[in-house]
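> Give me the fold of what follows.
(6 chains)
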Number of protein chains: 4
Amino acid sequence: MNNSQEHGQVDDGRGKRQQILDAAYTVFSRKGYHRATVDEIIALADTGKGTVYNYFVNKEQLFYTLIKECSAKFEADLAAIAALDELPLDKVGKAIKVFLEFYVANADLWRVLMYEMRGVGTEGKSAFTLVQREKYKERFTHTIEMLEKILQEGIDQKVIRPCDVTKAAHGLFSVILMMVFQGFVGQNDESIEKVSRNIADIFLYGVAQTNNN
Amino acid sequence: MNNSQEHGQVDDGRGKRQQILDAAYTVFSRKGYHRATVDEIIALADTGKGTVYNYFVNKEQLFYTLIKECSAKFEADLAAIAALDELPLDKVGKAIKVFLEFYVANADLWRVLMYEMRGVGTEGKSAFTLVQREKYKERFTHTIEMLEKILQEGIDQKVIRPCDVTKAAHGLFSVILMMVFQGFVGQNDESIEKVSRNIADIFLYGVAQTNNN
Amino acid sequence: MNNSQEHGQVDDGRGKRQQILDAAYTVFSRKGYHRATVDEIIALADTGKGTVYNYFVNKEQLFYTLIKECSAKFEADLAAIAALDELPLDKVGKAIKVFLEFYVANADLWRVLMYEMRGVGTEGKSAFTLVQREKYKERFTHTIEMLEKILQEGIDQKVIRPCDVTKAAHGLFSVILMMVFQGFVGQNDESIEKVSRNIADIFLYGVAQTNNN
Amino acid sequence: MNNSQEHGQVDDGRGKRQQILDAAYTVFSRKGYHRATVDEIIALADTGKGTVYNYFVNKEQLFYTLIKECSAKFEADLAAIAALDELPLDKVGKAIKVFLEFYVANADLWRVLMYEMRGVGTEGKSAFTLVQREKYKERFTHTIEMLEKILQEGIDQKVIRPCDVTKAAHGLFSVILMMVFQGFVGQNDESIEKVSRNIADIFLYGVAQTNNN
DNA sequence: AATGAATGAGGGTTCATTCAT
DNA sequence: GATGAATGAACCCTCATTCAT
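This is a model prediction of the structure:
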């Protein structure tokens, strides 16, 4: 007996709210924030237009909710790794993998987010409030800070050479993103595994020929 | 004799076409592609709405023309460096600098471009045609290929360790972009110089602690 | 034993129907007919949306019921005065006072009613049916007819000079309304008393300077 | 030769702006502010939706412009009468006539205006800004002040007995309005003439039977 | 070549009403 | 009887594009 659908109505068991979020995920990912229309979302969610506004105050807040709910698990996983009692270099490797997994899965939506988040359009009405945008940014920097933390640990333990951890973390982050956005990573585990090692290798040891290698 | 305005009208000597492009640069940079309105562009260009459509078939083509004309000099400079008869590692440094200079100067517009270029909106009417987007992408990869070329040269001369040059070039490119977009680089020459060396250093030698350093 | 709530639920003893009417009174008065929303009414009535539609067929009929129930006592009072066995001029004074009291108490709601009642929106769907509007109008003229009756009595007894009683009654009525809607009357008894005499004075004797006064 | 339509195009010679205002007059009068839709206005004006927004910033401002342009002549006429060098009682009569003419002609639209102007809906978004509403109110009181001025002149010349001129002017005004809104006045000149004298008579001398009359 | 009035498809949002529980 | 999630028609407004002058 299915406890969420006692009478087995058509409803697909996710509830309207989730259906809308799922549809919004798809549409925002495919169209970007501006070109995504509520009409298209409801068509996909198989629901009425009013229903959207029962659950979300407006298009923007629907988008924000989507981002928040999508990243929750990722942020938690990342924090767990940072807290792990392991060698920093191993943790760097694991973090890279978690990043890759998340961004490969959510590449399109996050590209949209990253664009809307930028300073562009500060003036005028704009789709995103300034305060709203700050909320998005915090989410972002928060994940990068996890990287910083791990790198700092490595420096403290003298396995990573002293450098500006903020810049280094951002650099690492940007490479990860680029690999994803340029399509250098596939959806499958082996691909992620391989690219993950690739990144770690170059990030840690550089591309220069040295007598060490 | 005025060489840009044969009949010496009030016109400020740039010609309507250029006035529009200049205004478009500003507005697209500030507002992004979608929020930029033709009305705002003509207000800034001090011209009529119809005039825009005399020179450009539509908003999208105006945007493309803008991108093309803006990047012309940059692409040429880059090609020149690649063709230089110098040490690969020096050429890498010079290329990084040219990249930084260009992207610092045009950060806002390029952020917009990079967003609109993404796979998003493949279906439907969309603002950017699929073919159109390919044209943008080619421009992009073309500049990255210059990096690849230099790196390959380094590998051939055994000053860079063998690796996937395509990925490496993209990695380097992404770090440069990130530095710009995250505001880690200032507008002044010293800043660019410094960040430029930073990037080269980490890119070439990695962050790991080795007995070499 | 609670005589209005046999089973003693939390219900505040007025019954859902009355709660809704009370809330509707407040909301319609504050917002007008169109801007008043059912959502706001149920929030104030502390009831469910469906409940409203159990008691009233639609928003419009809720409004009508409200008007009807509110004016019942007023109409009765007025009829009582008209039937009184007193001097016509005294009755005019009393009627003016009753009018003032009622309209001061219900100024906002009646302003709304008077607007919605107007000829406006004859065609099309409209909020108020033509027949519906007739019902409202009858309520209105009915109260004015009480004034006519008193005036006619005055004419018959030769204390009021012969004139078109219908117009005169409407004139008197309009002055009363104006005093209320223009905020010339306060909520307190003295104010009503004073304005009441004011109106009676001018209505009966005019503003012209005569040797009588 | 018609100097406003040199080439005799279809355009009916009023220009789009005027066509829209004319249509708006009709639709607002018939439907009231809220039920009037821009779609209906453009259908009547035989124009495109965007055109409305080329001339007026929004529905509200269209309405305001309408009111302003309609009342301009009326306000001027009234001021002229007040400034006339005649007997106050004659001026009262003339003013009443001008009021009647104007309100008979514009009864419907002004009913709408008067409703939207009221305090109702102070809170919330509402259709009319508070400041906007003040502008409307000023227009109104301005016309009533003309009446006050004439009445005061009468008092000074001792042909009108001392009383609160503000209240008296409002009283007179309200009676005029009522006559119009109740349909006691026809469109034709005789009717206006007759009602005009009626009002003046009762307003000046009251309804009470005295030995003077 | 330059212009700008006119256009209308399309988008986000509101809200009265229904109906299954 | 009481409820509130679901609905969709309707509304105001934006803005890229056209075309007659």
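
> does A:C70 really touch A:Y25, like I thought?
Yes - counting by CB atoms under 8 Å, A:Y25 is a contact partner of A:C70 at 7.3 Å. In this view, the C-beta of every residue, glycine as well, is placed from N, C-alpha and C.

> Show me which residues of stretch A:186-205 are buried.
Buried positions in stretch A:186-205, judged by neighbour count with 16 or more other CB atoms under 10 Å in any protein chain shown: A:192, A:195-196, A:198-205.

> do stretch A:78-87 as well
Those would be A:78, A:81-82, for stretch A:78-87 by 16+ other CB under 10 Å.

> I'd like the distance from that stretch to the chain centre, please.
In this view, stretch A:78-87 has its centroid 19 Å away from the chain centroid, taken as CA atoms, centre = their mean, to the nearest Å.

> Tell me if it is near chain B.
No - using CB under 8 Å from any CB of the partner chain, stretch A:78-87 stays clear of chain B, with a minimum separation of 12.5 Å.

> got a list of what A:G206 touches?
B:202-206 (CB atoms under 8 Å, 6 or more residues apart in numbering or on different chains).

> I'd like the distance between the residue of chain A found nearest chain C and DNA strand E.
Proximity of chain A to chain C (CB to the nearest CB) peaks at A:N54, 11.1 Å away. For A:N54, the distance to DNA strand E equals 7 Å [CB to the nearest atom of the strand, to the nearest Å].

> if we can go back for a sec, between the buried residues of stretch A:78-87, which is nearest C:T37?
Of all these, A:L78 has the smallest distance to C:T37: 44.7 Å, by CB to CB.

> Would you format the buried residues of stretch A:186-205 as JSON lines with secondary structure, distance to B:G32 and pLDDT included?
Formatted as JSON lines, the buried residues of stretch A:186-205 follow (DSSP: H, G, I helix; E, B strand; the rest coil; distance: CB to CB, whole Å; pLDDT from 0 to 100):
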{"residue": "A:I192", "secondary structure": "helix", "distance to B:G32": "32", "pLDDT": "92"}
{"residue": "A:V195", "secondary structure": "helix", "distance to B:G32": "31", "pLDDT": "89"}
{"residue": "A:S196", "secondary structure": "helix", "distance to B:G32": "33", "pLDDT": "91"}
{"residue": "A:N198", "secondary structure": "helix", "distance to B:G32": "33", "pLDDT": "84"}
{"residue": "A:I199", "secondary structure": "helix", "distance to B:G32": "30", "pLDDT": "86"}
{"residue": "A:A200", "secondary structure": "helix", "distance to B:G32": "35", "pLDDT": "86"}
{"residue": "A:D201", "secondary structure": "helix", "distance to B:G32": "37", "pLDDT": "82"}
{"residue": "A:I202", "secondary structure": "helix", "distance to B:G32": "33", "pLDDT": "80"}
{"residue": "A:F203", "secondary structure": "helix", "distance to B:G32": "32", "pLDDT": "81"}
{"residue": "A:L204", "secondary structure": "helix", "distance to B:G32": "37", "pLDDT": "82"}
{"residue": "A:Y205", "secondary structure": "helix", "distance to B:G32": "39", "pLDDT": "77"}
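
> List just the nearest of those residues to DNA strand E.
Checking the buried residues of stretch A:186-205 against DNA strand E with CB to the nearest atom of the strand, the nearest one is A:I192 at 33.9 Å.

> Just list the residues touching the closest one, thanks.
A:97, A:100-101, A:104, A:185-186 are the contacts of A:I192 under CB under 8 Å, 6+ apart.

> Put the buried members of those residues into a PyMOL selection.
PyMOL command restricting those to the buried ones, with burial defined by 16+ other CB under 10 Å:
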select buried, chain A and resi 97+100+101+104+185
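
> Out of the contacts of A:I192, which one has the weakest pLDDT?
Ranked by pLDDT, those bottom out at A:G186, which has 84.

> Now that one: phi and psi?
Dihedral pair for A:G186: phi -90, psi 180, per degrees, to the nearest 10.

> can you list the domains in chain A?
Using automatic domain parsing, the domains assigned to chain A come out as A:13-56, A:67-205.

> Make CSV out of those and add distance to C:D156.
Below are those laid out as CSV (distance: least, CB to CB, whole Å):
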stretch, distance to C:D156
domain A:13-56, 62
domain A:67-205, 70
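
> Return the residues in contact with A:M114.
Going by CB under 8 Å, 6+ apart, A:M114 touches A:F140.

> Mind listing what's buried along the helix or strand hosting it?
Taking DSSP states H and E as the definition, A:M114 sits inside helix A:88-117. Along helix A:88-117, these residues count as buried under the neighbour rule (16+ other CB under 10 Å): A:88-89, A:91-104, A:106-117.

> Just name the closest of the buried residues of stretch A:78-87 to C:L177, please.
Distances from C:L177 to the buried residues of stretch A:78-87, taken by CB to CB, are shortest for A:L78, at 69.9 Å.

> That closest one touches A:K97, doesn't it?
No - between A:L78 and A:K97 there is no contact under CB under 8 Å: 10.7 Å.

> Read off the pLDDT value for the residue in chain A that DNA strand F sits nearest to.
Nearest residue of chain A to DNA strand F (CB to the nearest atom of the strand) works out as A:G50 at 1.6 Å. A:G50 carries a pLDDT value of 95.

> so it is in which element?
helix A:49-55.

> got it, and A:K16?
A:K16 belongs to helix A:15-35, assigned by DSSP H and E.

> Tell me the buried residues in that helix?
Within helix A:15-35, the residues scored as buried using 16+ other CB under 10 Å are A:16-17, A:19-35.

> for that helix, what is the average pLDDT?
Averaging pLDDT along helix A:15-35 gives 93.

> Which residues does the helix or strand following it contact?
Note on helix A:15-35: by DSSP H and E, the next helix or strand toward the C-terminus is helix A:38-45. With contact meaning CB under 8 Å, 6+ apart, helix A:38-45 is reached by A:16, A:19-20, A:22-24, A:26-27, A:31, A:48-49, A:51-52, A:59.

> Now do helix A:38-45, average pLDDT.
The model assigns helix A:38-45 a mean pLDDT of 95.

> Are it and DNA strand E in contact anywhere?
Yes - using CB under 7 Å from any atom of the strand, we find that helix A:38-45 touches DNA strand E at A:38-39.

> and what of stretch A:14-29?
No - Stretch A:14-29 is not in contact with DNA strand E by CB under 7 Å from any atom of the strand; minimum separation 9.7 Å.

> I would like the residues contacting that stretch, please.
Against stretch A:14-29 from outside (CB under 8 Å, 6+ apart): A:12, A:36-37, A:40-47, A:51-52, A:55-56, A:62-63, A:65-66, A:69-70, A:106, A:108-109, A:112, B:120.

> Let's see that with 6 Å instead.
Residues from elsewhere that reach stretch A:14-29, judged by CB atoms under 6 Å, 6 or more residues apart in numbering or on different chains: A:36, A:40-41, A:44-45, A:47, A:51-52, A:55, A:62, A:66, A:108-109, A:112.

> One more: stretch A:46-66?
Outside stretch A:46-66, the residues that touch it by CB under 6 Å, 6+ apart are A:16-17, A:20-21, A:24-25, A:38, A:42.

> between the residues you listed, which is nearest chain D?
Nearest member of the contacts of stretch A:46-66 to chain D, counting by CB to the nearest CB, is A:V38, at 20.6 Å.

> okay, now the closest one: neighbour count?
18 (other CB atoms under 10 Å in any protein chain shown).
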